[in-house]
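Participant: Okay, predicted coordinates and the sequence, questions at the end:
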Amino acid sequence: MNGPQLSELPDDSEQLAPSVSGLRRGALQASELSAVRTFSDGFLLKFLRARDFDAELSLKLLLNYQRWRRESPEISSCLSPSSVLGLLNTSYHTVLPQRDHTGSRVLLYRIGQWNPKDWSAFQVFRVSLMTSEILCTETQTQRRGVKAIFDLQGWSLGHALQINPSLARKISSVLSDSFPLKVRGIHLVNEPMFFRPVFAMIRPFLPDKIKQRIHMHGADFHDTLGDFFSPHVLPPEYGGEGPGIKKACQDWTNHLLQSERLLQQIAAHPTGDIALAPDESLISVDTEQLSEG
Ligand code: VIV
């Protein structure tokens, strides 16, 4: 059975067991995770599905995810929706209620609603990380991935100044190989000329596969966004027939707020695998214990 077919099986299918134990073995042997003792099946399956059950690529993704979290504590260590409620209440972000025709989740970001005087890029980044952590618990999203629409209307110098090369690197890493979600498309609409220098910081670090999935629609997006998303998916503000942006944003904000405890647990957990108690996974181990497993 090949990877894509394995991806369709449910979490408890016995046919997944060899892949799961293979990834567990690889993760425990990796020197970066030498202090970790346990990984839950569900946690490992996120990485396997994100890489169509390719053993090597799944392990690389898991290690990159751990490294990204470790190197970005200013973003990853505080996942509290209530701490960014003022930003969420501006209708800056939502996950649209309908999946697209391929089953992908569709994320909407309206950059103009973000006032950079009120909210730092780290706080804004945390919103995306919270949404991503919730979405990657959905089996169907693990299989079909996400598509993101960025409305860059209102992009200003104040925004641009917040994106330095180090942050640009972190953006390209989560988009390419540091988060267990398949990025199936990125759609930029209303991007102004002076967004180009910022995009030029992010783009070089993206693999060709992701570059090819980036679409720049400009101000005339009404003519072209519909080639990718059917009307029932998009809000009326973007030429669709789905619920309006304001309602969609309120609904997703409520969903985030309901997930506050879960998100804080993920942020505080040494590996992000909250199926395990933190002390279950972070018992300092020696090689003896490792070879038992
Ligand atoms: O976080 O699958 C300069 C997606 C995104 C994620 C994460 C995952 C993911 C699609 C991003 C998209 C947004 C974590 C797993 C990269 C956070 C971006 C935060 C910054 C501060 C927003 C500033 C505006 C950007 C706009 C353009 C970015 C595109 C070229 C991606």
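Facilitator: Alright, I've got the coordinates.
Participant: residues from the protein in reach of the ligand?
Facilitator: Taking CB under 6 Å from any ligand atom as the contact definition, the chain meets the ligand at 111, 121, 124-125, 128-129, 132, 146, 148, 150, 163, 171, 174-175, 179, 181, 183, 186, 198-199, 202. The way it works is simple: take the backbone N, C-alpha and C, and place the C-beta from them, glycine included.
Participant: Please flag which of those residues sit within helices.
Facilitator: A121, V124, F125, S128, L129, S132, I171, V174, L175, V198, F199, I202 (DSSP state H).
Participant: Would you mark the buried spots in stretch 210-227?
Facilitator: I210, R213, I214, H215, H217, F221, L225 (16 or more other CB atoms under 10 Å).
Participant: what about stretch 93-110, average pLDDT?
Facilitator: The pLDDT scores in stretch 93-110 average 98.
Participant: what does it contact?
Facilitator: Residues from elsewhere that reach stretch 93-110, judged by CB atoms under 8 Å, 6 or more residues apart in numbering: 91-92, 127-128, 131, 135, 138, 140-141, 143-151, 153, 184-185, 228-230, 232-235, 242-243, 245, 248-249, 251-253, 255.
Participant: From these, list the buried ones, please.
Facilitator: If we count by 16+ other CB under 10 Å, the contacts of stretch 93-110 have these buried: 91-92, 127-128, 131, 135, 141, 143-151, 184-185, 228-229, 233-235, 242-243, 245, 248-249, 252-253.
Participant: coming back round to it: for the ones in helices among the residues of the chain next to the ligand, give me CSV that also has pLDDT and distance to S259.
Facilitator: Below are those laid out as CSV (pLDDT from 0 to 100; distance: CB to CB, whole Å):
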residue, pLDDT, distance to S259
A121, 98, 22
V124, 98, 18
F125, 98, 17
S128, 98, 14
L129, 98, 12
S132, 98, 12
I171, 98, 23
V174, 98, 19
L175, 97, 22
V198, 93, 30
F199, 94, 31
I202, 94, 28
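Participant: Buried among those residues? Need that as a selection in ChimeraX.
Facilitator: Buried residues within those, by 16+ other CB under 10 Å, are selected in ChimeraX with:
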select :121,124,125,128,129,132,171,174,175,198,202
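Participant: of the ones in helices among the residues of the chain next to the ligand, closest to Q15?
Facilitator: The nearest member of these to Q15, counting by CB to CB, is S132 at 27.6 Å.
Participant: gap between the closest one and P18?
Facilitator: Counting by CB to CB, to the nearest Å, the gap from S132 to P18 is 28 Å.
Participant: re the thing from before, with secondary structure as extra columns, can I get the buried residues of stretch 210-227 in JSON lines?
Facilitator: Below are those laid out as JSON lines (DSSP: H, G, I helix; E, B strand; the rest coil):
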{"residue": "I210", "secondary structure": "helix"}
{"residue": "R213", "secondary structure": "coil"}
{"residue": "I214", "secondary structure": "strand"}
{"residue": "H215", "secondary structure": "strand"}
{"residue": "H217", "secondary structure": "strand"}
{"residue": "F221", "secondary structure": "helix"}
{"residue": "L225", "secondary structure": "helix"}
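Participant: Good, we can wrap up now.
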